[in-house]
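[1] Provided below for reference: sequence and predicted model.
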Amino acid sequence: MRSRTSALVAAAAALLVSAALAAGAHAAVGVESVSRHGGAPGTPVSLTLACGFCFPPCEGPRGERHPKGFEHGPCMLGTREDPPSWFGISILPRARALELGDCPGRTVCPPRTTFAPPHRAPYAFLGRAVPPPGGNDPESGKPPRYLLHFEVPELRPGAYAFVIWCDVCAAGRKGALISAPASPRWRLTIR
């Protein structure tokens with residue numbers, strides 16, 4: 001019964017993250033919270049991502065599956081791969097981010113692919129979002145979190161949008177760029 005409950009919790013968590021961000025597997029990672037949405041250069045900011053597909057792989061026989069390294073909780077069927085160790089985070093002027101997937105007015109643009117997190121203008125690379133100290137605990141049933149602490153960069157004042165580079169979100173050797181510039185949660189204003 002516990003493994004069935006765990007499977008239902010995992011499915012519900014993945015659906016909630018996906019529904020909150022958009023349809024499609026590439027959108028199952030997104031900005032959950034930001035400590036502040038604006039500030040002058042040098043202002044500290046903490047960013048939290050939630051990832052609906054970042055649970056550990058399942059192990060154990062059918063009906064008794066559990067996350068690798070844990071006794072119970074949600075897990076990912078069909079993979080032996082560990083969850084991503086990090087996500088690259090950049091910002092892009094919001095007007096440019098709306099053009100990222102040629103999808104003005106949509107919440108999440110279809111991903112573009114690149115070989116690495118973008119570092120060159122018009123992007124500004126902020127760093128790598130990594131699991132919290134001590135890691136994520138799938139036994140809680142909550143989607144795994146990734147954290148990034150950064151300072152507002154010295155860029156032209158204006159509205160920017162967060163862009164996530166996800167190396168496992170695109171087939172092949174490329175990663176996907178994911179952004180939701182229409183969502184206030186994904187915005188940063190530089191003063």
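    On my side now, so go ahead. Numbering: from 1, shown residues only.

[2] where along this structure do the strands fall?
    Using DSSP state E, the strands found in the chain span residues 29-34, 38-39, 44-51, 58-59, 66-67, 87-93, 112-114, 124-129, 145-151, 158-166, 175-179, 187-190.

[3] Give me whichever of those is most buried.
    Of all the strands of the chain, strand 175-179 has the most neighbours on average by mean count of other C-beta atoms under 10 Å, namely a mean of 26. (Each C-beta comes from the backbone N, C-alpha and C, glycine too.)

[4] List the neighbouring strands of that strand plus their orientation.
    strand 112-114 (antiparallel), strand 158-166 (antiparallel) (DSSP bridges).

[5] What average pLDDT does that strand get?
    On average, the pLDDT along strand 175-179 is 87.

[6] by how many degrees do that strand and strand 87-93 diverge?
    With axes from the mean of the first three to the mean of the last three C-alpha atoms, to 10 degrees applied, the angle from strand 175-179 to strand 87-93 works out at 50 degrees.

[7] got any ranges where this protein has weak pLDDT?
    Applying pLDDT under 70 to the chain picks out residues 1-27, 100-112.

[8] returning to what we had before: of all the strands of the chain, which one comes closest to Arg80?
    strand 58-59 (9.1 Å; C-beta to C-beta).

[9] can you list contacts of that closest one?
    Arg65, His66, Pro67, Lys68, Cys75, Met76, Leu77 (C-beta atoms under 8 Å, 6 or more residues apart in numbering).

[10] so what's the nearest residue to the last one once chain neighbours are set aside bridging to?
    Closest residue in space to Leu77, ignoring its immediate chain neighbours: Cys58 at 5.3 Å, by C-beta to C-beta, 6 or more residues apart in numbering. Cys58 has these beta-bridge partners by DSSP bridges: Pro67.
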